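S.K.: Output the structure for:
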Amino acid sequence: MARFSAHRLSDGSWVLDCQADLLDHLTTRFVVPLIPIADVGTPMARLNPYFQIEGETLVMMTQFAGAVPARSLGQPALSLHDHQDVIAAALDMLLVGF
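M.R.: Residues are numbered from 1 along each chain as shown. Below you'll find the predicted structure:
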């Protein structure tokens with residue numbers, strides 16, 4: 001698994017894998033849901049960055065982060081590694097407050 005890869009789950013929803021690659025041996029992955037912007041309302045700029053994925057604007061709903069079984073992710077659909085600074089800032093906002 002690769003950190004900051006986006007995965008489409010079997011139910012069609014999207015998640016962003018945010019777990020360190022060093023912990024690939026664990027059977028779970030720390031993920032953040034990626035939700036269509038139309039379903040979000042007004043996202044908080046730093047906490048909820050958004051990304052264009054397959055022609056759709058998806059919001060990183062950092063406050064809904066959690067663990068899922070690694071086997072549920074399957075293959076990554078794409079990498080958001082180029083956005084690592086924005087993603088890390090959102091995680092910092094949730095965990096540290098700034």
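S.K.: alpha carbons only for contacts and neighbour counts from here, please
M.R.: OK.
S.K.: Grab the nearest non-local neighbour of Val15.
M.R.: Pro33 (4.3 Å; Cα to Cα, 6 or more residues apart in numbering).
S.K.: now Pro69
M.R.: Thr28 (4.4 Å).
S.K.: The one you found: what's it in contact with?
M.R.: Ala67, Val68, Pro69, Ala70 (Cα atoms under 8 Å, 6 or more residues apart in numbering).
S.K.: Mind checking which of those are in strands?
M.R.: Ala67, Val68, Pro69 (DSSP state E).
S.K.: Name the nearest of the residues you listed relative to Glu54.
M.R.: Ranked by distance to Glu54 (Cα to Cα), those are led by Val68 at 23.0 Å.
S.K.: Now do that closest one against Ala45, distance only.
M.R.: 26 Å (Cα to Cα, to the nearest Å).
S.K.: Looking at the two, which has the bigger crowd around it?
M.R.: Looking at Val68 and Ala45 with other Cα atoms under 10 Å, you find the greater number of neighbours at Val68, namely 16 against 9.
S.K.: list the contacts for the more buried one?
M.R.: Neighbours of Val68 in contact, by Cα under 8 Å, 6+ apart: Thr28, Arg29, Phe30, Val31.
S.K.: Do I have it right that Thr27 meets Pro69?
M.R.: Yes - using Cα atoms under 8 Å, Thr27 is in contact with Pro69, at 6.0 Å.
S.K.: hang on, the earlier thing: is it possible to get a markdown table of the contacts of Val68 that adds distance to Gln52?
M.R.: Below are the contacts of Val68 laid out as a markdown table (distance: Cα to Cα, whole Å):
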| residue | distance to Gln52 |
| --- | --- |
| Thr28 | 26 |
| Arg29 | 23 |
| Phe30 | 21 |
| Val31 | 18 |
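S.K.: Going by distance to Leu80, which of those residues wins?
M.R.: For the contacts of Val68, the nearest to Leu80 is Val31 (13.0 Å; Cα to Cα).
S.K.: quick one: the strands in the protein?
M.R.: Going by DSSP E, the chain shows strands at 5-8, 14-17, 28-36, 50-53, 56-60, 66-69, 78-79.
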